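1. A structural model of the following input is requested.
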Amino acid sequence: MSPQAFLKPKFVVGATCLSLVVFLAAFGNFLTPHDANDQSLMNSLQPPFDWTEGYYLGTDQLGRDILARMVSGARVSLAIAGSVVAISGFIGVLVGALSGYWGGWRDMLLQKIVETFWAFPPILLAIAIVALFGQTLTNLILALTLQRWIPYARLCRAQALTLRSREFVSASKIMGGGTLWILRRHIIPNLLASAVVIATFSMATAIIAEASLSFLGLGVPPETPTWGGMLADGRSYITRAWWLAVFPGLGIFITVLGLNYLGDWLRDQFDPKDDLNLV
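-> Next up, the predicted model:
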């Protein structure tokens, strides 16, 4: 990867947007003197850019600081999306590598399992799980993970089908390499580039899904500030307190935009066609 690749607009815009969100999540507490759950009814629905009381992004209907709640929402969104991507990526890459490397009836069996999970509408499945097992962080991550491993599995299977017939894999078999050895040394390392590209897009969709569930009241517990929950609270005040919905919506927009740009940039860098001298 050449140094010029980091000067491309996709990387610059994506890295800038994501850096802003990460900075907000990591150091946002130093930007406001208020706590996310502190209520002050005397200061309810204060407009933004109040430099005297320290309500830089205004307050909600209960007098809670919007900036402090934005910081908490950024942490929740990044933590949930990161956990979902890590778990689904691990499962999907492993299933796809095994399915493609084995082939035969075992490949068919694993693909039938993939198709079974793929048949359920993702948002309805997530709503059913959270409604059935309760609103906890663990259940929310489980609900968002159940289908997000499938894109990893499908792509990695297709690549593993090609890799298993390559010379270095055949040589490893001749030298007595077992399945786990070949997967660990030859198959999976060659799948990671594609998995990283999928992970960036999957993280963006996970943030949107978490915000959607929180908007519907089925996300994390209500006492935990989230961007989706803030949007739900602000819809009743959109005509007289626009900042309640605009700022969390802007946070979701910037985060998803940055992840999508980084995903496009990574896909361009790992595209094998870039290495060919095509006329």
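
2. dump the residue contacts of residue 143.
-> 125, 126, 127, 129, 130, 213 (Cβ atoms under 8 Å, 6 or more residues apart in numbering). (Glycine included, C-beta is placed from N, CA and C.)

3. Distance of the first one relative to residue 117?
-> When Cβ to Cβ, to the nearest Å is the yardstick, residue 125 and residue 117 sit 9 Å from each other.

4. One more: the fifth one?
-> As judged by Cβ to Cβ, residue 130 and residue 117 stand 17 Å apart.

5. So for those two, which sits in the more crowded spot?
-> residue 130 (22 against 14; other Cβ atoms under 10 Å).

6. other SSEs contacting the host helix or strand of the more buried one?
-> Assigned by DSSP states H and E, residue 130 belongs to helix 122-133. Contacting helix 122-133 under the criterion 3 or more Cβ pairs under 8 Å, 6 or more residues apart in numbering; DSSP states H and E are the following elements: helix 137-145, helix 192-215.

7. relative to helix 192-215, how tilted is the helix or strand just after the last one?
-> Under the assignment DSSP H and E, the closest C-terminal helix or strand after helix 192-215 is helix 227-234. With axes from the mean of the first three to the mean of the last three Cα atoms, to 10 degrees defining the directions, helix 227-234 sits at 30 degrees from helix 192-215.

8. Show me the contact partners of helix 227-234.
-> Residues from elsewhere that reach helix 227-234 (Cβ under 8 Å, 6+ apart): 60-61, 66, 69-70, 73-74, 76-77, 210-217, 219-220, 222, 241, 243-249, 251-252.

9. among those, which ones are buried?
-> The neighbour-count test (16 or more other Cβ atoms under 10 Å) marks 60, 66, 69-70, 73-74, 76-77, 210-216, 219-220, 241, 243-249, 251-252 as buried among the contacts of helix 227-234.

10. Where do the helices of the stretch 1-150 of the chain begin and end?
-> Residue ranges of the helices in the stretch 1-150 of the chain, as given by DSSP state H, counting those that start in this stretch, are 9-27, 66-102, 104-118, 122-133, 137-145, 150-163.

11. Tell me the pLDDT of residue 274.
-> For residue 274, the pLDDT comes out at 48.

12. again, but for residue 83
-> 94.

13. how close does it get to residue 123?
-> Separation of residue 83 from residue 123 (Cβ to Cβ) stands at 18 Å.

14. and what of residue 263?
-> Counting by Cβ to Cβ, the separation of residue 263 from residue 123 is 21 Å.

15. For the two, indicate the residue with more neighbours.
-> Shown here are residue 263 and residue 123; by other Cβ under 10 Å, residue 263 has more neighbours (21 against 16).

16. one step back: of all the helices and strands packed on helix 122-133, which lies closest to residue 165?
-> helix 192-215 (18.0 Å; Cβ to Cβ).
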